[in-house]
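> Fold the following and give me the result.
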Amino acid sequence: MHIRKGDNVLVISGASRGKTGKVLQVLGSEELVIVAGVNLKKHHERPRRGGQKGQMIDKTMPIHVSNVSLMDSGSEKPTRAGYKMVGSKKIRVSKKTGKEI
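The predicted structure follows:
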């Protein structure tokens, strides 16, 4: 998968289209990512103790990895990730600029 935890991404389709955020978690087996501040859903939470009130919280839900695009750190524009061998290490590079991500 070309997206990793900590990457800045742009949502390219869906209800949150056009929003950017940082990847909080990658669910590799399902090909889903959780992006901060994107795809928020209301979650009703019931009271835990007597006398406490229930509340509604915004929960960040996962979106499919095909609906996000990696942001280039230098130009802040969406780009695709490529790979290059440097010695014995494999590093990710931006397809637009050729710089390391």
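> Sort out which residues of the helix or strand hosting Lys22 are buried, please.
Assigned by DSSP states H and E, Lys22 belongs to strand 20-27. Under the neighbour-count criterion of 16 or more other CB atoms under 10 Å, strand 20-27 has Thr20, Gly21, Val23, Val26 buried. Bear in mind the C-beta positions are built from the backbone N, C-alpha and C, glycine included.
> Which strand residues bridge the last one?
In this case it means Val26. Val33 (DSSP bridges).
> How much space separates it from Thr20?
Val26 sits 17 Å away from Thr20, going by CB to CB, to the nearest Å.
> Ok, Lys41 next?
19 Å.
> Touching, Lys41 and Lys59? I think so.
Yes: counting by CB atoms under 8 Å, Lys41 does reach Lys59; the two are 5.4 Å apart.
> ranges for the strands of the protein?
For the chain, strands defined by DSSP state E occupy the ranges 8-11, 20-27, 32-35, 40-45, 55-60, 63-64, 68-71, 78-79, 81-86, 89-94.
> Can you tell me which helices and strands the strand holding Lys22 packs against?
strand 8-11, strand 32-35 (3 or more CB pairs under 8 Å, 6 or more residues apart in numbering; DSSP states H and E).
> How much space separates Met1 from Asp58?
From Met1 to Asp58 the distance is 26 Å (CB to CB).
> and the strand holding Lys22, how far from the chain's centre?
Strand 20-27 sits 3 Å away from the centroid of its parent chain (CA atoms, centre = their mean, to the nearest Å).
> Likewise for stretch 3-10?
That offset, for stretch 3-10, works out to 5 Å (CA atoms, centre = their mean).
> How about residues contacting it?
Contacts to stretch 3-10, defined as CB atoms under 8 Å, 6 or more residues apart in numbering, come from residues 18-26, 33, 35, 65, 68-71, 73, 78, 101.
> same question, stretch 70-85
So stretch 70-85 is contacted by 2-3, 7-10, 12, 20, 69, 90-97, 99, 101 (CB under 8 Å, 6+ apart).
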